[in-house]
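A.B. asks: Return a 3D structure for these sequence lines:
(one chain, ligands or ions: 1)
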Amino acid sequence: MWFPRPEKIEDIHIIGKVVPLTREELFALLHDTQARELKEKVGVVSRGGSAKSTTRLLESQDWFFKSDTTHQTDDFDALHKQLETTKQIAKRTGIWHPHKTWFIMKAQGKWWPMTGCPTLHMLRQITDEDALLQGWTQMINFAIQCSRTHQYGIDINPSNFGYDVAREEMYYVDEELYPPLTITEVGEAAVARIPENHQHVSEAFWGRWGKQLQLHLRTTLMDLEDWRHLIDGIRDYPLTSRWTSVRKTFIKGIQEGHWLLDPSVRRKTAQKQRAERICIFSDIHGNLPALKAVLKEATKQNVDSYIFLGDLVGYGPYPQECIDQVRALPKIKCLRGNHDQMIATGDIPDGCNRLARESARWSHQRISDENKLWLLSNPLEIQGDSWIAVHGAPQDPERIYAYVYEMTYKDNLKYLYQNKYKLCLYGHTHVPFIYRMLGHNTFDKLPLGSIHLFEEDSTLLINPGSVGQPRDRDPRASFAIWDQNQQELTFHRVEYEVEETMEAIHQSGLPEDLAIRLEMGW
Ligand code: ZN
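C.D. replies: All right, here's what the predicted structure looks like:
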């Protein structure tokens, strides 16, 4: 038998939670008479990527199974441990399809590591130009995120990525992880698309991709250094002279209009160079009048960059407009919040409350695909020298679900201390707060106002409050400014036209409760 199969159901051991297939179902799929052994895809070295000759592939109904003859073993425990680690990585990084199943199977007297994954629409097979560019952009962003946030390198090749059309999301289909990639290597992988896609020869196409990459990577690559490395990779990659002008157009697309890379933009901002004043804001939740009021005040306060802590959308009546506003800000870093994730994927759990659910469905239909993609490309954490920013709670490995509040703040402060962070900016609760730990077990809550950061011996958890749906009984929009010169953070509140948002909620048919709570600040 080319593809190994279990003799009985008990020979299958699923790793972790049984989602979505039971071992009975796995057994049935593996023994399905219609299942196809994909021998022809193995051992062929071609441009389309290849599988080693030891790889075993099986397609059964809409599932794709994979194993490797060299990985079969007598040592069940070691294999189990190894796959559990992989499963943990999968959970933490989200690079593989959420239904991907790891299991161990006994066949031919040995234990085999196996994976099963829903069949995906491969990125390599996409021909529509817009969809192709989006896919490539997502692939590049994905690779950077994975290297930066999780310290894993992935193989940047369209053969290794597949779309789940229903979820509108792309996943890594390769099993292999590598050491983290440098930005230069990412640049090389990007420019390598040119000779591999000679059917797309128009320069405009590559210019368009450059521009799109710039927009998407704006929130990921913040330093001039990073951008230089990306462009170095693109410029120095060996290509025949046939591609010289295409490559130039591609680079131009990446640079044009960028505040660091475009000389004409740089000249304009040159006189403003000094230590940064960063606007820290969170939980806009589709409230455009509140967002505008905050941005206006922030400009008045001379901020020069922005860190957004997540939940741009959900609840409020202006999801698309808010995304457009925030994306257009210069020097912005954005986190992905739980609502952003839920709305962008359209994957709305029954467990979440009625208001969140109804508004999530409503918002999902009102955001462009491009903006959904952007929401999903935002990272789950931002790391600085001795600080970190997350949407939910630093202690939560998933970063976006758990709350920092009365019951959890001490544990979260201890977590920060153990991980050598002196500051964590967070959102999600919609209540401005400063929690502090002095030494490693004295806790207090400080009055809002101004606070000095990075003081000897103190660890801080700071929430700037919510822009678009404050819940501390003060309806004014809340945010903070971090002055990096003084290392001081100041809280701010601004009034905005609450009635305007309430009226828009009313007009949109969203639940009326969403309007009332804005007026109450609750
Ligand atoms: Zn929120």
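A.B. asks: Now the stretch 151-300 of the chain against the ion: closest residue?
C.D. replies: Residue of the stretch 151-300 of the chain nearest the ion, by C-beta to the ion: residue 283 (4.0 Å). Glycine gets a C-beta too; all of them are placed from N, C-alpha and C.
A.B. asks: Which elements pack onto the strand ranked longest in the chain?
C.D. replies: With secondary structure taken from DSSP state E, the chain has its longest strand at strand 110-118. On a contact count with 3 or more C-beta pairs under 8 Å, 6 or more residues apart in numbering; DSSP states H and E, strand 110-118 meets strand 63-68, helix 76-93, strand 101-107.
A.B. asks: Find me the pLDDT at residue 172, would you?
C.D. replies: Looking at residue 172, its pLDDT reads 93.
A.B. asks: What values do phi and psi take at it?
C.D. replies: Per-residue torsions, residue 172: phi -80, psi 130 (degrees, to the nearest 10).
A.B. asks: before we move on, back to that, how about the nearest residue to the residue of the stretch 151-300 of the chain closest to the ion, chain neighbours excluded?
C.D. replies: Excluding the flanking residues, the one nearest residue 283 by C-beta to C-beta, 6 or more residues apart in numbering is residue 466, at 3.7 Å.
A.B. asks: is it true that that neighbour touches residue 427?
C.D. replies: Yes: at 7.2 Å, residue 466 counts as touching residue 427 under the criterion of C-beta atoms under 8 Å.
A.B. asks: need the residues of the protein near the ion, please.
C.D. replies: Neighbours of the ion within the chain, by C-beta under 5 Å from the ion: 283, 311.
A.B. asks: looking at the chain, which helix or strand does the model trust least?
C.D. replies: Here the helix or strand of the chain ranked lowest by mean pLDDT, DSSP states H and E is helix 263-270, holding a mean of 67.
A.B. asks: After that helix, which helix or strand is next?
C.D. replies: Next in sequence after helix 263-270, counting helices and strands by DSSP states H and E, comes strand 277-281.
A.B. asks: Past that following strand, which element shows up next along the chain?
C.D. replies: helix 288-300.
A.B. asks: Next, the buried residues of that following helix.
C.D. replies: Going by neighbour count (16 or more other C-beta atoms under 10 Å), the buried part of helix 288-300 is 288-295, 297-298.
A.B. asks: got CSV for the residues you listed, with pLDDT too?
C.D. replies: As requested, those are exported to CSV (pLDDT from 0 to 100):
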residue, pLDDT
288, 97
289, 97
290, 98
291, 98
292, 97
293, 97
294, 98
295, 97
297, 97
298, 96
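A.B. asks: what ranges do the helices span in the stretch 401-522 of the chain?
C.D. replies: In the stretch 401-522 of the chain, the helices defined using DSSP state H, counting those that start in this stretch lie at 409-418, 498-508, 513-520.
A.B. asks: buried sites along stretch 150-163?
C.D. replies: For stretch 150-163, using 16+ other C-beta under 10 Å, the buried residues are 150, 152-163.
A.B. asks: And the residue of the stretch 1-150 of the chain closest to the ion?
C.D. replies: The ion sits closest to residue 94 of the stretch 1-150 of the chain, with a gap of 19.7 Å, by C-beta to the ion.
A.B. asks: Ramachandran angles for that residue?
C.D. replies: Torsion angles at residue 94 (phi, psi; degrees, to the nearest 10) stand at phi 70, psi 20.
A.B. asks: Show the pLDDT at it.
C.D. replies: What the model reports for residue 94 is a pLDDT of 84.
A.B. asks: For it, the count of nearby residues, please.
C.D. replies: If you count neighbours by other C-beta atoms under 10 Å, residue 94 ends up with 20.
A.B. asks: Contacts only, for it.
C.D. replies: Residues near residue 94 by C-beta atoms under 8 Å, 6 or more residues apart in numbering: none.
A.B. asks: And it, how far from residue 108?
C.D. replies: Separation of residue 94 from residue 108 (C-beta to C-beta, to the nearest Å): 34 Å.
A.B. asks: Also residue 236?
C.D. replies: Residue 236 sits 49 Å away from residue 108, taking C-beta to C-beta as the criterion.
A.B. asks: do the same with residue 394
C.D. replies: Separation of residue 394 from residue 108 (C-beta to C-beta): 47 Å.
A.B. asks: Would you indicate which residues of stretch 118-136 are buried?
C.D. replies: Those would be 118, 120, 122-124, 126, 132-136, for stretch 118-136 by 16+ other C-beta under 10 Å.
A.B. asks: Contacts for that stretch, please.
C.D. replies: 48-49, 59, 62-64, 97, 99-100, 139, 158-159, 161-165, 170-171, 173, 190, 193, 200, 205, 208-209, 212, 369-370, 373.
A.B. asks: filter those residues to the buried ones?
C.D. replies: Looks like the contacts of stretch 118-136 have 49, 59, 63-64, 97, 100, 139, 158-159, 161-164, 170-171, 173, 190, 193, 200, 205, 208-209, 212, 370, 373 buried, using 16+ other C-beta under 10 Å.
A.B. asks: and those residues, which of them are in helices?
C.D. replies: 139, 190, 193, 205, 208-209, 212, 370, 373 (DSSP state H).
A.B. asks: so what's in contact with residue 466 and residue 427 at the same time?
C.D. replies: Common neighbours of residue 466 and residue 427, using C-beta under 8 Å, 6+ apart, are 282-283.
A.B. asks: Now whichever residue of the stretch 301-450 of the chain sits closest to the ion: closest residue in space that isn't a chain neighbour?
C.D. replies: The minimum distance from the stretch 301-450 of the chain to the ion, using C-beta to the ion, falls at residue 311 (3.6 Å). Excluding its sequence neighbours, the residue lying closest to residue 311 (C-beta to C-beta, 6+ apart) is residue 337, at 3.3 Å.
A.B. asks: Report the contact partners of the one you found.
C.D. replies: Shown in contact with residue 337 (C-beta under 8 Å, 6+ apart): 283, 309-312, 314, 391, 400, 427-428.
A.B. asks: same question, residue 99
C.D. replies: 19-20, 117-118.
A.B. asks: run the last query once more with 7 Å
C.D. replies: Neighbour list for residue 99: 19-20, 118 [criterion: C-beta atoms under 7 Å, 6 or more residues apart in numbering].
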